[in-house]
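Colleague: show me how the following folds:
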Amino acid sequence: MTDTPRKDDSSRSNSEDSPSPNRPLHGQNPDLDAESQTFLPKHNAGKNASVSMSVFNLGNAIMGSGILGLSFAMANTGIALFVILLVVVAVFSLYSVHLLLKTANEAGAVVYESLGHKAFGIPGKLAASWSITMQNIGAMSSYLFIIKYELPIVIQSFTGANDGEWYIYGDYLIILVSIIVILPLSLLRNLSSLGYTSGLSLLCMVFFLIVVIIKKFQIPCPLPVPDSGNKTMHMFNSDNATTDDDTCKPKYFVYNSQTVYAIPIITFAFVCHPTILPMYDELKDRSRRKMQNVANVSFLAMFIMYLLAALFGYLTFNIHVGPELLHTYSKFYKHDILLLVVRLAVLAAVTLTVPVVLFPIRTSVGHLLFPKKYFSWIRHVIITLSLLAGTNILVIFVPSIRDIFGFIGASAAAMLIFILPSALYIKLVKKESMISAQKIMALMFLILGLVVMFVCMTLITYGWIVNSMKDQGH
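Modeller: Numbers count the residues shown, from 1 in each chain. Coordinates of the predicted model:
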């Protein structure tokens with residue numbers, strides 16, 4: 001008699017934490033073509049990723065160029081408000097991971113597009129694909145922005161070239177780097193070997209954080225008068241002109257015309273949701289509780305790194321911090337050897353990461369436009385060239401990385417963190433009624449995401465219009 005309840009409890013626990021045998025999670029994307037299979041062999045080779053390795057991999061997925069914009073967000077919100085926003089977005093991101101994992105167990109799928117299709121048909125698949133594509137295009141653009149603004153400084157440091165030389169012009173350099181380095185790597189069918197650059201990228205960002213902390217105690221306040229002759233150095237916030245005495249005094253609550261970018265920038269920095277489900281599928285002895293613990297540890301580690309980078313970057317430059325922190329240092333200390341080493345490391349990491357980010361966009365576009373076609377080199381090359389050319393044009397004509405962080409964070413990142421996880425949960429988790437506490441919380445989360453996206457997009461668009469009118473002299 002005592003054995004029967006124990007067995008029932010065990011099966012109930014297994015059904016909650018693991019997928020049903022009738023709906024196995026592994027291999028639930030029949031649309032994947034040969035290109036996708038070769039790119040993600042580890043997802044098809046078995047579930048053997050340890051918890052510690054999964055924490056490292058998820059940390060890599062969370063960490064990215066978004067860390068470079070957080071000091072700018074703090075400068076335009078104040079320390080206290082920034083910390084509040086950072087905590088809120090981190091907690092909401094973890095809650096959306098919880099919703100995704102529970103939905104994946106119920107629906108038996110580990111691909112965002114597949115969940116969207118199961119829940120809402122073709123519109124759901126398109127929404128998921130669009131969000132992931134836009135998020136990755138935003139990441140690619142942010143990496144190219146780093147190349148655009150940092151590579152000229154590196155070349156000048158080594159060659160002593162004058163500002164007028166063509167080979168230190170950022171727009172030319174991103175085109176050259178795209179053709180010479182990024183395009184050949186992007187044309188490979190199997191980019192799995194480039195996946196190791198995520199580890200390099202994380203190490204570079206850790207190194208960057210250490211330098212940010214060191215420089216806070218080396219750079220005096222008030223700051224020296226910067227050399228503003230370089231034509232590539234026009235990324236700074238002109239709205240915040242004030243006295244040097246005010247510059248050295250940190251603020252705890254700030255509101256100005258740039259504050260609206262804070263939430264999108266922070267949201268952009270925490271997006272990793274397209275990788276959650278594949279990592280869940282790969283986890284050894286998988287359970288939903290174990291994957292949630294992986295997410296908790298990874299988000300906590302990245303939260304600490306983000307907070308330290310934002311705080312020490314802000315305390316160093318205060319109101320003079322730019323939308324891209326690494327570039328802010330070059331405005332005042334262009335020839336610093338330690339900063340030059342950091343710049344080289346970050347440039348190498350982002351250049352090698354662009355093809356990795358481009359790969360899932362190309363695969364998603366191929367599935368949408370040619371869902372039942374076999375691999376074709378002509379189609380492969382055309383899609384790659386189109387994506388890379390379009391991203392280059394975007395980076396050349398968009399004035400600041402702040403606009404990339406803001407727009408993508410307010411649209412695609414909001415979709416991936418707030419809207420899609422809650423909508424999929426509400427639609428696919430059938431065992432809970434719509435009046436249950438879980439469904440009501442998910443509905444409130446969905447409404448919050450829609451409000452955040454609408455308000456941020458509206459204010460950002462309004463800011464663009466106002467700035468455009470100012471530039472035209474109206």
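
Colleague: when you work out contacts or count neighbours from here on, use the C-alpha atoms and nothing else.
Modeller: Noted.

Colleague: dump the residue contacts of the closest residue in space to Ile155 that isn't next to it in sequence.
Modeller: Using C-alpha to C-alpha, 6 or more residues apart in numbering and skipping the chain neighbours, the partner closest in space to Ile155 is Ile168 (6.7 Å). By C-alpha atoms under 8 Å, 6 or more residues apart in numbering, Ile168 lies in contact with 151-153, 155-156, 161.

Colleague: for Ile168, give its distance to Ala128.
Modeller: Remark: distance between Ile168 and Ala128 (C-alpha to C-alpha, to the nearest Å) = 39 Å.

Colleague: cool, and Leu307?
Modeller: Separation of Leu307 from Ala128 (C-alpha to C-alpha) stands at 30 Å.

Colleague: quick one, which of those two is more surrounded?
Modeller: Set Leu307 next to Ala128 and count neighbours by other C-alpha atoms under 10 Å: Ala128 wins out with 25 against 20.

Colleague: my guess is that one contacts Pro421. True?
Modeller: No. Ala128 lies out of contact with Pro421 (C-alpha atoms under 8 Å); the separation is 10.0 Å.

Colleague: quick one: low-confidence parts of the stretch 1-150 of the chain?
Modeller: Scanning the stretch 1-150 of the chain for pLDDT under 70 picks out 1-47.

Colleague: repeat that with 80
Modeller: Where the stretch 1-150 of the chain drops to pLDDT under 80, the residues are 1-49, 60, 64-65, 109-111.

Colleague: what are the ranges of the helices in it?
Modeller: Using DSSP state H, counting those that start in this stretch, the helices assigned to the stretch 1-150 of the chain run over residues 3-17, 34-39, 51-62, 70-75, 79-107, 112-120, 122-159.

Colleague: ok, and what's touching stretch 406-422?
Modeller: 92-93, 96-97, 99-100, 128, 130-132, 134-135, 138, 261-268, 271, 273-274, 442-443, 445-450, 452-453, 456-457, 460.

Colleague: buried subset of the residues you listed?
Modeller: The neighbour-count test (16 or more other C-alpha atoms under 10 Å) marks 92-93, 96-97, 99-100, 128, 130-132, 134-135, 138, 261-268, 271, 273-274, 442-443, 445-447, 449-450, 452-453, 456-457, 460 as buried among those.

Colleague: would you write a ChimeraX line that selects the buried entries of the contacts of Ile168?
Modeller: This is how ChimeraX selects the buried members of the contacts of Ile168, with burial counted by 16+ other C-alpha under 10 Å:
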select :151,152,153,156
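
Colleague: which one of the contacts of Ile168 is nearest Asn318?
Modeller: Comparing the contacts of Ile168 against Asn318 with C-alpha to C-alpha places Ile153 closest, at 22.7 Å.

Colleague: can you pull the contacts of the closest one?
Modeller: Neighbouring residues of Ile153 by C-alpha under 8 Å, 6+ apart: 168, 330, 334.

Colleague: what pLDDT is listed against the first one?
Modeller: Same thing as Ile168. We have a pLDDT of 82 for Ile168.

Colleague: do I have it right that Pro152 meets Ile174?
Modeller: No. Pro152 lies out of contact with Ile174 (C-alpha under 8 Å); the separation is 10.1 Å.

Colleague: any common contacting residues for the two?
Modeller: Counting by C-alpha under 8 Å, 6+ apart, nothing touches both Pro152 and Ile174.

Colleague: neighbours of Val451, how many?
Modeller: Neighbours of Val451 under the rule other C-alpha under 10 Å: 13.

Colleague: name the element it belongs to?
Modeller: Per DSSP states H and E, Val451 falls inside helix 437-471.

Colleague: just the angle between that helix and helix 79-107, please?
Modeller: 130 degrees (axes from the mean of the first three to the mean of the last three C-alpha atoms, to 10 degrees).

Colleague: which helices and strands does helix 437-471 pack with?
Modeller: Here helix 437-471 touches helix 401-408, helix 414, helix 420-428, going by 3 or more C-alpha pairs under 8 Å, 6 or more residues apart in numbering; DSSP states H and E.

Colleague: out of those helices, which gets nearest to Ile79?
Modeller: Evaluated over the helices and strands packed on helix 437-471, closeness to Ile79 peaks at helix 401-408, with 19.0 Å, by C-alpha to C-alpha.

Colleague: so for whichever helix or strand comes after the closest one, mean pLDDT?
Modeller: For helix 401-408, the succeeding helix or strand toward the C-terminus, using DSSP H and E, is helix 414. Mean per-residue pLDDT for helix 414: 89.
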